[in-house]
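Undergrad: Provided below are the primary sequence and the corresponding predicted coordinates.
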Amino acid sequence: MKTILKSVFLLSAIYLTMSFTTACTSSSSTKESIPAKNAELVIVAHITATVEYQADIEKAFQAVVTGTRQEEGCVSYTLYQHNDNPLKYTFVEEWASQSAIDAHNNSAHYKAFAAATDGKITAEVYVMKKKY
């Protein structure tokens, strides 16, 4: 039984990684892709979901990722699920500017994500500027 559960979690991790790893503007035909070298700020957010809300959290992840990748100033927006603990996730975000992050934080899809995850996750968020 443990092996089956482990396999299910591994397949989920592979699916999530494949589903959430394209660049922000790669699929948009109306916007130009922003080169990664133009990413001035990076956000790394470590999130832990509670087991009873994991399915709801993953739906919220999908919605925020889809919406965010269409935003101006988003260089990349990727969600990873940890191999050793399927309740742990990490967002790695690259942004062209602080104003792009501010617009993201005020977007309808981000506000919906925040409301959907309120009290259902713990998060550690780090904002870093590009050094070299």
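TA: Sure thing, it's come through. Numbers count the residues shown, from 1 in each chain.
Undergrad: next structured bit after the helix or strand where Tyr80 lies?
TA: Using DSSP states H and E, Tyr80 sits within strand 74-81. As assigned by DSSP H and E, the chain's next helix or strand after strand 74-81 is strand 88-95.
Undergrad: for the following helix or strand past that following strand, the distance to its chain's centre please.
TA: Sequence-wise, the next helix or strand downstream of strand 88-95 (DSSP H and E) is helix 98-105. Counting by CA atoms, centre = their mean, to the nearest Å, helix 98-105 is centred 15 Å from the centre of its parent chain.
Undergrad: List the buried residues in the next helix or strand after helix 98-105.
TA: Sequence-wise, the next helix or strand downstream of helix 98-105 (DSSP H and E) is helix 108-117. Judged by neighbour count using 16 or more other CB atoms under 10 Å, the buried positions of helix 108-117 are 109-110, 113, 116-117. All C-beta atoms are positioned from the backbone trio N, CA, C, and that covers glycine.
Undergrad: Next: stretch 118-132.
TA: Ile121.
Undergrad: Start and end of it, how far apart?
TA: 35 Å (CA to CA, to the nearest Å).
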